[in-house]
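Peer 1: quick one, what's the 3D model for this:
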Amino acid sequence: MSATRRLLTVVGDANDISTWSGIPYFFLRAATRQGLLDAGVSLHPKALLWRRAAWNIRSLLLTSKAGGYQYSRDFLSKLFAQACLSEHEPLDFVTHFPLLPPRPWGRAWTVTPYIDATLKQNFDDYGAGHRIDRTHRENALARERDAYQAAKRVVCFSRWAADAVTSFYNVPSNHCHVVLPGANLIEEQVPDAELSEMPHTAGGALRLGFIGKDWERKGLRLLLDIAASLEQRGVAAEVVTIGPDAKELPRHPLLRPQGFIDKHHDMERFVRLVRSFHFGCLLSSVEAFGISTFECLRLGVPVVGRRAGGIVDSIPEGLGFLFDPERELDDIVSTLESHAKDADRYSALRRRVLSRAREFSWDRTALQFKELFEGDQL
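Peer 2: Next up, the predicted model:
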């Protein structure tokens with residue numbers, strides 16, 4: 001019997017850094033180094049655009065809603081067929097999308113979903129369900145439940161997602177695990193940093209860093225309000241953004257947009273810019289996990305976040321600050337002000353983050369996954 005191959009799959013090419021914010025790419029790099037994964041599956045959704053258009057038109061005529069093709073049996077079966085995998089070959093999949101591989105699975109296949117959020121959370125919390133007909137939503141959720149219950153195990157980015165898997169999908173808690181993801185960084189291009197190389201709070205503006213394209217959901221307006229409040233208290237501040245196009249952002253005197261940085265070709269610039277932040281900030285209204293907070297922590301930068309969704313798991317105690325939405329503006333401003341005016345206090349915080357920076361790489365994720373898989377053999 002041939003050896004079992006372990007493959008990573010997602011809606012898209014798992015080998016491409018541009019797929020799903022680079023998460024599969026960086027996980028795959030670390031997991032192949034650790035001997036956890038053998039390869040990534042290359043799928044190309046754009047090849048099905050004409051089928052999507054036809055499906056959307058038909059759905060619109062029948063239900064008055066055009067969304068949801070990416071959850072349909074037609075899309076998933078046609079997409080996964082591109083991989084040309086035999087159902088008789090022993091394959092062990094780690095999948096970032098719970099409906100891939102589509103069921104029924106090959107006779108010699110086993111599957112472990114590794115998800116940031118359930119479809120239920122995407123439909124309800126993120127609001128993705130409002131464009132999809134109710135029947136289509138319920139059908140997708142039923143197939144998702146079936147996949148979780150048939151899987152070898154379900155692994156989640158955060159406790160937020162894991163709680164949904166056990167409660168809504170009736171998956172036993174001992175069948176569901178949490179393994180935190182890592183920072184989307186090319187580790188070979190991340191030099192170790194010394195505290196002396198980091199920015200201090202004496203003189204100059206307090207640099208509040210923002211990483212992410214969906215700037216409205218991720219709380220950029222609130223962050224600008226925080227910067228303005230700091231200025232009113234006599235603390236110079238600026239908000240530095242990575243990701244959004246400057247033309248898409250609101251005009252604000254404290255905003256310093258840097259645009260999109262291609263990590264594949266300009267990792268050095270990304271690392272240098274993030275390390276210039278005093279704090280990385282993620283104040284999302286909803287967030288499955290704070291990958292950007294892990295990027296900051298991996299680079300030695302303390303973080304500030306809102307107590308929402310998976311952000312809670314992305315800010316370890318002592319390395320940053322979590323705030324409840326009810327009093328977040330005043331509380332965040334006061335916390336930042338106290339660190340801006342006490343250089344020793346800020347340096348101590350930064351030193352703690354630096355001492356634990358390597359914990360936030362995908363290498364740590366891959367090692368924990370490896371321990372999980374090796375536990376099956378005990």
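
Peer 1: can we go C-alpha only for contacts and neighbour counts from here?
Peer 2: Noted.

Peer 1: what's the burial count for Pro208?
Peer 2: For residue 208 the amino acid is Leu, not Pro. 26 (other CA atoms under 10 Å).

Peer 1: ok, it touching Ser276?
Peer 2: No. Under the criterion of CA atoms under 8 Å, Leu208 makes no contact with Ser276, lying 9.4 Å away.

Peer 1: quick check: next helix or strand after the host helix or strand of Phe26?
Peer 2: If you go by DSSP states H and E, Phe26 is part of helix 23-33. Where DSSP H and E defines the elements, the next helix or strand beyond helix 23-33 is strand 39-40.

Peer 1: give the partner strands of that following strand in its sheet and their orientations.
Peer 2: Its sheet considered, strand 39-40 pairs with strand 5-9 (parallel) by DSSP bridges.

Peer 1: return the residues in contact with the residue lying closest to His264 once chain neighbours are set aside.
Peer 2: Closest residue to His264 apart from its sequence neighbours, by CA to CA, 6 or more residues apart in numbering: Ile17 at 7.3 Å. Residues in contact with Ile17 (CA atoms under 8 Å, 6 or more residues apart in numbering) are 23-26, 264.

Peer 1: name the nearest of those relative to Leu48.
Peer 2: Pro24 (21.1 Å; CA to CA).

Peer 1: hmm, that closest one is touching Val11, no?
Peer 2: No. Pro24 is beyond contact range of Val11, at 10.1 Å (criterion: CA under 8 Å).

Peer 1: now do the shared contacts for these two.
Peer 2: Contacts common to Pro24 and Val11, judged by CA under 8 Å, 6+ apart, are His96.

Peer 1: could you say what helices and strands the helix or strand encompassing Phe210 packs with?
Peer 2: Phe210 belongs to strand 206-211 when elements are defined using DSSP H and E. Packing contacts for strand 206-211, counted by 3 or more CA pairs under 8 Å, 6 or more residues apart in numbering; DSSP states H and E, involve strand 237-242, strand 279-282.

Peer 1: can you list the strands that that strand pairs with?
Peer 2: Using DSSP bridges, strand 206-211 pairs in its sheet with strand 237-242 (parallel), strand 279-282 (parallel).

Peer 1: in TSV, list those strands along with mean pLDDT.
Peer 2: Rendered in TSV, the data for these read as follows (pLDDT from 0 to 100):
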stretch	mean pLDDT
strand 237-242	98
strand 279-282	98
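
Peer 1: neighbours of Glu197, how many?
Peer 2: Quick note: Glu197 (other CA under 10 Å) scores 9 neighbours.

Peer 1: cool, Leu100 as well?
Peer 2: Neighbours around Leu100, by other CA under 10 Å: 23.

Peer 1: these two touch, right, it and Thr9?
Peer 2: Yes. Leu100 lies in contact with Thr9 (CA under 8 Å); the separation is 7.4 Å.

Peer 1: and the helices in the chain?
Peer 2: Applying DSSP state H to the chain gives helices spanning 23-33, 49-63, 73-81, 119-124, 134-150, 159-168, 220-232, 263-275, 291-298, 328-340, 343-355, 362-374.

Peer 1: tell me which of those sits nearest to Gly309.
Peer 2: With CA to CA as the criterion, Gly309 lies closest to helix 159-168 of the helices of the chain, at 5.6 Å.

Peer 1: single out the most deeply packed of the helices of the chain.
Peer 2: Mean neighbours per residue, mean count of other CA atoms under 10 Å, is largest over those for helix 291-298, with a mean of 27.

Peer 1: look up how far His44 lies from the closest residue to Ile211 other than its chain neighbours.
Peer 2: Once flanking residues are discounted, Ile211 sits nearest to Ile242: 4.8 Å by CA to CA, 6+ apart. Going from Ile242 to His44 by CA to CA, to the nearest Å gives 27 Å.

Peer 1: which other residues reach the helix holding Phe26?
Peer 2: Counting by CA under 8 Å, 6+ apart, 8-10, 14-17, 19, 37-40, 96, 181-182, 184-186, 362-363, 365-367 sit against helix 23-33.

Peer 1: which of these are buried?
Peer 2: Neighbour-count burial (16 or more other CA atoms under 10 Å) applied to the contacts of helix 23-33 gives 8-10, 14-17, 37-40, 96, 181-182, 184-186, 362-363, 365-367.

Peer 1: which residues are in contact with the closest residue in space to Gln149 that isn't next to it in sequence?
Peer 2: Nearest non-adjacent residue to Gln149, counting by CA to CA, 6+ apart: Val171, 6.2 Å away. Contact analysis of Val171 by CA under 8 Å, 6+ apart lists 148-149, 165.

Peer 1: tabulate those residues (CSV), appending distance to Thr335 and pLDDT.
Peer 2: Listed next are the contacts of Val171 as CSV, based on distance: CA to CA, whole Å; pLDDT from 0 to 100:
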residue, distance to Thr335, pLDDT
Tyr148, 42, 98
Gln149, 44, 96
Val165, 35, 98
